[in-house]
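Visitor: Take this sequence and fold it.
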Amino acid sequence: MKQDRTNSHSPVTVFLTIILIIQLVVVLYPIAFTIGAAFTKSNSLAATSIVPFPRNPSLFQFRRLLTPANEFVKGTTDVLGTNYVHWYLNTLQIACMNTVLTVLLCSTVGYIFSRFTFPFRKTVMASMIILQMFPSFIGMIATYVILWKINGLNTLWGLVLVYAAGSLPFNSWLMKGYFDTVPKELAEAAYIDGASPFKAFIRVVLPAAKPQLVFLALTSFTGPWMDFIFPRLVLRSDDKKTLAVGLYEMISGRAADNFTMFAAGALLVAVPFTVLFMLGQKALIQSLAGTGGKE
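Guide: Here you go, the predicted model:
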């Protein structure tokens, strides 16, 4: 009989197991602490403990978040609600519009650069790469002025334009690189069957690039939920703010001590992320299991 080469009690195995347990605790403890703080009735962090399990769990912070700002929380006479629902819907709307616009623009631009030749093609592609060398903060003043000129300040569509335009160079290169791996014979076969270039792009090439499209959609959707700088610059009124700005103002300043309500709001943000990644993961695995062409 062959002896098992791996010994579960060897020093190396024990050491690796300890390292993995430590990493697991480091990753899961902040999540557990946030969940515990979200179900704490008091606003102060002093009401929480190192052990991330509240003694008297309460949904008070969630009720306060979901109560309109001009109404008192049910069961109280001096605690007003927030505009969290407005911020949530604003962010969701921005994320959806940004996802659709980014996928449409970047997939089209990437396919054009991959399949067609035209004057200054290499120059434009090189310029897009050079633009990625500079941080987005350099163009903040110019972005502000442009939005001011087109009446895009304090509007959701203005922020969507900033996101879509800012992601165009990198994501177009990303799609171009993937389209380069898709066999040209697929589109050529569609041309022989009478399809136009646009129809071949929609019906043949895009389905073959579905894994990259799913990845692009996921990253485009999650970006607006975590961005703070540009929403702070573009959006002014409280009913137009995004979640990142609204949640930050709950804990910024000396009088702002709504840390447990901040935790409850952050926990609700994870809902669309979880749903989207579960659906996207399934589609991504199914797409990666197939091949672009048949032999």
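Visitor: going forward, measure contacts and count neighbours with C-alpha atoms only.
Guide: Will do.
Visitor: Could I get the full set of helices for the chain?
Guide: 11-38, 60-66, 84-115, 121-131, 140-149, 156-179, 184-192, 197-200, 206-208, 210-226, 229-234, 243-251, 259-289 (DSSP state H).
Visitor: And V245, how close does it get to V12?
Guide: Between V245 and V12 the computed distance is 47 Å (C-alpha to C-alpha, to the nearest Å).
Visitor: more crowded one of the two?
Guide: More crowded of V245 and V12, by other C-alpha atoms under 10 Å: V245, with 20 against 12.
Visitor: L233 is in contact with that one, correct?
Guide: No. With contact defined as C-alpha atoms under 8 Å, V245 does not count as touching L233 (10.1 Å).
Visitor: what about the helices of the chain, which gets the closest to K74?
Guide: helix 60-66 (7.7 Å; C-alpha to C-alpha).
Visitor: helices and strands around the closest one, which ones?
Guide: Counting contacts by 3 or more C-alpha pairs under 8 Å, 6 or more residues apart in numbering; DSSP states H and E, helix 60-66 is packed against helix 84-115, helix 259-289.
Visitor: How far away from the center of its chain is the first one?
Guide: The one in question is helix 84-115. Put simply, helix 84-115 sits 11 Å off its chain's centre (C-alpha atoms, centre = their mean, to the nearest Å).
Visitor: And it, what's buried?
Guide: 84-88, 90-99, 101-103, 105-114 (16 or more other C-alpha atoms under 10 Å).
Visitor: same check, this time on stretch 73-80
Guide: By 16+ other C-alpha under 10 Å, the buried positions in stretch 73-80 come out as 73, 80.
Visitor: Give me the contact list for that stretch.
Guide: Applying C-alpha atoms under 8 Å, 6 or more residues apart in numbering, the external contacts of stretch 73-80 come out as 63-64, 67-72, 81.
Visitor: Repeat that for stretch 56-69.
Guide: Here stretch 56-69 makes contact (C-alpha under 8 Å, 6+ apart) with 38-41, 73-74, 79-85, 260-261, 264-265.
Visitor: So what would you say the end-to-end distance of it is?
Guide: 26 Å.
Visitor: can you tell me the average pLDDT over it?
Guide: The average pLDDT within stretch 56-69 is 91.
Visitor: and it, which residues are buried?
Guide: 58, 60-69.
Visitor: from those residues, which two are the most distant?
Guide: It's S58 and A69 that sit farthest apart of the buried residues of stretch 56-69, by C-alpha to C-alpha, at 20.4 Å.
Visitor: Thanks again, I'm all set now.
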